[in-house]
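**Student:** I would like the atomic coordinates for the input below:
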Amino acid sequence: MSISAEAVEPTGEVILWEEVPVSLEQRRSDHLTERKKALRARYVYGIIFLITNLCAWFVRDYGQRVLPELHYLKSCGHGGSDCFHTQGVLRVSLGCFIFFFLMFLTTCKTRKLYEARNAWHSGWWGSKLFAWLVSMMIPLFCPSNYIHLYGEFARVGAGIFLVLQLISVIQFIRWWNKYWMPDEQKKQSCSLGLFTSTLFYIASMCGIAVMYSSYAMKSSYAMKSSCALNIFFIIWTAVLLIVMMSVSLHSKVNRGLLSSGIMASYIVFLCWSAIRSEPTNEECNPQRQGNANGDWTTILGFLIAICAIVMATFSTGVDSQSFQFRHNEVQHEDDIPYKYEFFHLVFSLGAMYFAMLFISWNLNNSAKKWSIDVGWASTWVKIVNEWFAASIYIWTLFSPVLRQSKVMDHEEPVQEIDSSDVP
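**Tutor:** Next up, the predicted model:
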């Protein structure tokens, strides 16, 4: 009897030890499945955001001709004018903002894959499609005064979105710099990084030269006010480029040329985009003689701009790590792959941002067909964004040096006190 009892006990232990790996493997499989669902959900939300952008464009340019039924809504005013053009874009933007802000509230503080809010974020697409349709319908019944108030609020939200996007870009540049130039032992990586930085600086210099020849000396009226303003924009961009390069190569900073080269290309792009946003009737704008109402280059540029808006919103939304205060958190296998609440918050701010681009930051005048982000307001927003980007980047170069000097100044008096105690 004792032998059979001993035989039973090991058998029971073997069964228990076999069940443990099976349960762990099943749990890992479930976590992997939920993680894949969450990652796929990002692209679905991006498609929803893209469709909303296209709806805003359609309502602005063709809504009054294709949707005459809106004329009967009291909130749309006489002839439905308050539901098309600028007001129409703001109404679509408000609907998009309501949907993603609702998603922000319902997914806030989600941290684990087994939580119910994770299932809501990654699934229930029929219910969310219904919620999106209801969110898009609500602004149609809002009075125009409330829509105008939302437009003023959207300006602030779009500015916050630009700041978040800028922080994400700077963090990406810093990561790229660390990736290509990790240490002095990897000579191949450093040489490739130096080659890449040289290419970025050459591209930046060529961009400044092309901008000057195209937007500053295009006509004999080069010293007119608009051309003088373009010359100032271009020259000041070149000065910022030189300042960033000098600070990066300073002996106390010593950050190398790669990060400053990438940032130089970025601010040159912002300057070029700002000058291209000037009204087409300006003397120094080479687009003034082109057809702004539907030639293939205008349509192609418009579609590329919409895709750029969606990509900028998507890339900023998934980059929640750049906005964490604690970067040493351990990632567990049951943790969500990205912060859902930050993702939806960025998309809600992106709804305000695309509204400002479609109406060119002007709440009173309607933009032309197939145009996006054109006007003096758009130009100055981009120029200020460029200067702010350069200032933030230069501060990120200086701040470690300043913190180190403060620490050294604080340690010197302590050392003097310790040495005075020694007989």
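
**Student:** helix, strand or coil for residue 167?
**Tutor:** When classified by DSSP: H, G, I helix; E, B strand; the rest coil, residue 167 comes out as helix.

**Student:** Give me the phi and psi angles of residue 67.
**Tutor:** phi -120, psi 70 (degrees, to the nearest 10).

**Student:** what's the neighbour count on it?
**Tutor:** Applying other Cβ atoms under 10 Å, we find 16 residues neighbouring residue 67. C-beta coordinates here come from the backbone N, C-alpha and C atoms, glycine included.

**Student:** Going forward, the N-terminal residue is numbered 201.
**Tutor:** Fine by me, first position is 201 from now on; the one you just mentioned is residue 267.

**Student:** for the stretch 501-623 of the chain, which spans come out with low pLDDT?
**Tutor:** Along the stretch 501-623 of the chain, the model assigns pLDDT under 70 to residues 520-531, 603-623.

**Student:** That one: helices as residue ranges?
**Tutor:** 540-558, 576-621 (DSSP state H, counting those that start in this stretch).

**Student:** now these in a markdown table, with mean neighbour count and distance to residue 395?
**Tutor:** As requested, these are arranged in a markdown table below (neighbours: other Cβ atoms under 10 Å; distance: least, Cβ to Cβ, whole Å):
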| stretch | mean neighbour count | distance to residue 395 |
| --- | --- | --- |
| helix 540-558 | 26 | 34 |
| helix 576-621 | 14 | 22 |
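
**Student:** Turn these into JSON lines, including distance to residue 517.
**Tutor:** Output for these, formatted as JSON lines (distance: least, Cβ to Cβ, whole Å):
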{"stretch": "helix 540-558", "distance to residue 517": "4"}
{"stretch": "helix 576-621", "distance to residue 517": "19"}
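
**Student:** Residue 262: which of those helices is closest?
**Tutor:** Closest approach to residue 262 among the helices of the stretch 501-623 of the chain is made by helix 540-558 (13.3 Å; Cβ to Cβ).

**Student:** Contact partners for the nearest residue to residue 237 once chain neighbours are set aside?
**Tutor:** Spatial nearest neighbour of residue 237, excluding adjacent residues (Cβ to Cβ, 6 or more residues apart in numbering): residue 322 at 4.0 Å. With contacts defined as Cβ atoms under 8 Å, 6 or more residues apart in numbering, residue 322 is in contact with 234, 237-238, 240-241.

**Student:** I'd like those as CSV, with secondary structure and distance to residue 446 appended.
**Tutor:** Output for the contacts of residue 322, formatted as CSV (DSSP: H, G, I helix; E, B strand; the rest coil; distance: Cβ to Cβ, whole Å):
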residue, secondary structure, distance to residue 446
234, helix, 50
237, helix, 49
238, helix, 44
240, helix, 46
241, helix, 45
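
**Student:** ok, so of those residues, who is nearest residue 568?
**Tutor:** Lowest distance from residue 568 to those (Cβ to Cβ) belongs to residue 241, with 36.4 Å.

**Student:** Nearest spatial neighbour of that closest one, chain-adjacent residues omitted?
**Tutor:** Nearest one to residue 241, counting by Cβ to Cβ, 6+ apart, is residue 322 at 4.6 Å.

**Student:** Which of the helices or strands spans the nearest residue to residue 564 once chain neighbours are set aside?
**Tutor:** With Cβ to Cβ, 6+ apart as the criterion, residue 564 has its nearest non-adjacent residue at 7.5 Å, and that residue is residue 286. Using DSSP states H and E, residue 286 maps to helix 285-306.

**Student:** helices or strands next to that helix in the packing?
**Tutor:** Where contact means 3 or more Cβ pairs under 8 Å, 6 or more residues apart in numbering; DSSP states H and E, helix 285-306 is packed against helix 202-266, helix 316-322, helix 325-337, helix 344-380, helix 540-558.
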